[in-house]
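>>> here are the coordinates; sequence isn't available:
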Ligand code: GDP
């Protein structure tokens, strides 16, 4: 191990001891919020902070419902080098006159919330000693988490696996252009920056296409290619898989050697520090999943989501084998998977969505031989943009959801103006999760009629009465989520 590595690790131990000492008096928790891009991290974290600081309708958040939360406030964050999560800006976007969704997560950020509460014992005995929970919330792209798999793959293994997986029926068409270019690249030729850049650009375009709603794949590492953070354009991101011989070393000066070196740099300079400095310090974690998008896109997307969840679970039990990795061993004790945007469904389907996610996570737990944290699942809408009603169709009364589609979207030849409400027959989720997993299985009635557009409708954030200050954001099961993540620290 290098000397620098030792110092790094000593620093982490010292930091963990400091964290532990603080926790002995009043609890301090680090909560990770992650999920692939567009899963709903920014919206969730904004709604979470708003609920903690200003309250709301939160019957399942027990300490709050029991009247034991005296108040909560934002406080300066502990890590000076991590950008702050700009909750005020995001809240203004959501609740201001324009009512727009906030700007999505593109990098890691952090926010500290201090919750003043009364312990249950003190509350009941009437002695009411004040206590304090310090909650450090870290928001980071889920793409980065899935990079853990790269730490156990050398360049040859990664190249082979990436090429093989791009041959699947969903991936092959979107990978075609990159693969065609790759066929013209000679890995033994002299290293050439312009060839490396073109290969990386085409490879990245393939990964991006995999995130399109209609494909909705989840496992597309390297994560920084999709979410570069502040590394955009750097050489550590300018590499791509190559078709290389099954044996032998890269000749020096070759394109192969260049790509291999950059891949190694990515693993050492990007992936490892993220796990060491951020991930390994988390106590609690919520993984937001746009399960509806995967169900919409079909069985391959669902299978890919399951693989992603297996990888995520593996990350939380990683490193139990060596003394070195015990320093980096994640200490997460509670892990929640949340299917977001549940307000696209009628409430009769919320339990079904949860059952599908539970089934997916259960299988992923088996595959990852997971023996770590307490795991739970929830179907969630951090900000509920729709309400429910029923509509008559012939003799039938059918459940509908009502919301304002975002301006400029089209459906059935109609272009929405961003003001008018429409009623949508929400998608049907099969009662049997196995059926959903096999068939995709989320096809809205209206969607079938008009070729699928409505499945992807984006509703504007909900209207909030001007008289409501501070604004109360409607939600689905946010309170249950908060209870699982931090409820036990508030007793
Ligand atoms: P991030 O990339 O994970 O930070 O994702 P965001 O939080 O920015 O969410 C991406 C988009 O998903 C938003 O712009 C909204 O359109 C939608 N979204 C997120 N959460 C909700 C929700 O609770 N309800 C609804 N209807 N849409 C949501």
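That came through, no problem. Bear in mind that the values here come from a model prediction, so they are computed numbers and not experimental data.
>>> Is residue 313 located within a helix, as I assumed?
Yes: assigned with DSSP: H, G, I helix; E, B strand; the rest coil, residue 313 falls within a helix.
>>> so it makes contact with residue 362?
No: using CB atoms under 8 Å, residue 313 is not in contact with residue 362, being 10.7 Å away. Placement of C-beta: from N, CA and C, glycine included.
>>> Give me the more crowded residue out of those two.
residue 313 (24 against 14; other CB atoms under 10 Å).
>>> any idea how far the more buried one lies from residue 255?
Residue 313 is 36 Å from residue 255, where distance means CB to CB, to the nearest Å.
>>> do the same with residue 57
Applying CB to CB, the value for residue 57 to residue 255 is 59 Å.
>>> Which one of these two is surrounded by more residues?
residue 255 (23 against 14).
>>> Near the ligand, which residues of the chain are found?
Residues of the chain lying close to the ligand by CB under 6 Å from any ligand atom are 35, 37-43, 101, 104-105, 340-341, 343, 381-383, 385, 458-459.
>>> Drop anything exposed from those residues.
Among those, those buried by neighbour count (16 or more other CB atoms under 10 Å) are 35, 37-43, 101, 105, 340-341, 343, 381-383, 385, 459.
>>> Sitting in helices, which of these do you find?
The helices, defined by DSSP state H, take in 41-43 from those.
>>> now those residues as CSV including pLDDT?
Formatted as CSV, those follow (pLDDT from 0 to 100):
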residue, pLDDT
41, 98
42, 98
43, 98
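>>> for the residues you listed, which one is nearest residue 231?
Of all those, the one with the least separation from residue 231 (CB to CB) is residue 41, at 19.1 Å.
>>> So which residues of the stretch 101-250 of the chain form helices?
Secondary structure of the stretch 101-250 of the chain by DSSP state H, counting those that start in this stretch: the helices cover 120-125, 142-145, 155-165, 171-182, 193-210, 223-226.
>>> List of residues touching stretch 191-210?
Here stretch 191-210 makes contact (CB atoms under 8 Å, 6 or more residues apart in numbering) with 166, 171, 174-175, 177-178, 181-182, 185, 189, 215, 217, 220, 225-226, 237-242, 253-255, 257-259, 262.
>>> one step back: so which of the helices of the stretch 101-250 of the chain is the most packed in?
A comparison of those by mean neighbour count, using mean count of other CB atoms under 10 Å, puts helix 142-145 on top with a mean of 25.
>>> mind checking which helix or strand of the protein has the lowest mean pLDDT?
Ranking every helix and strand in the chain by mean pLDDT, DSSP states H and E puts helix 445-450 at the bottom, with a mean of 39.
>>> what's residue 117 in contact with, if anything?
63, 68-70, 130-133, 490.
>>> quick one: low-confidence ranges for the stretch 51-200 of the chain?
Applying pLDDT under 70 to the stretch 51-200 of the chain flags residues 122-124, 126-129.
>>> Strands along that one, start to end?
Secondary structure of the stretch 51-200 of the chain (DSSP state E, counting those that start in this stretch): strands located at 69-75, 109-118, 130-139.
>>> Show me how this protein divides into domains.
Listed by automatic domain parsing, the domain ranges of the chain are 3-142+279-384+478-490, 145-274.
>>> start to end distance for the last one?
It refers to domain 145-274. End-to-end distance for domain 145-274: 9 Å, by CA to CA, to the nearest Å.
>>> coming back round to it: quick check: which of the helices of the stretch 101-250 of the chain is nearest to residue 465?
When the helices of the stretch 101-250 of the chain are compared for distance to residue 465 using CB to CB, the nearest one is helix 120-125, at 32.4 Å.
>>> ok, residue 219 to the ligand distance?
Using CB to the nearest ligand atom, to the nearest Å, we find residue 219 at a distance of 17 Å from the ligand.
>>> from the stretch 151-300 of the chain, which residue is nearest to the ligand?
Residue nearest to the ligand within the stretch 151-300 of the chain: residue 288 (6.3 Å; CB to the nearest ligand atom).
>>> Apart from its neighbours in sequence, what residue is nearest that residue?
Leaving aside its chain neighbours, residue 288 sits nearest to residue 35 (3.2 Å; criterion: CB to CB, 6 or more residues apart in numbering).
>>> what do you get for residue 120?
Leaving aside its sequence neighbours, residue 120 sits nearest to residue 491 (CB to CB, 6+ apart; 5.0 Å).
>>> Backbone dihedrals for residue 396, both of them.
Main-chain dihedrals, residue 396, degrees, to the nearest 10: phi -90, psi 140.
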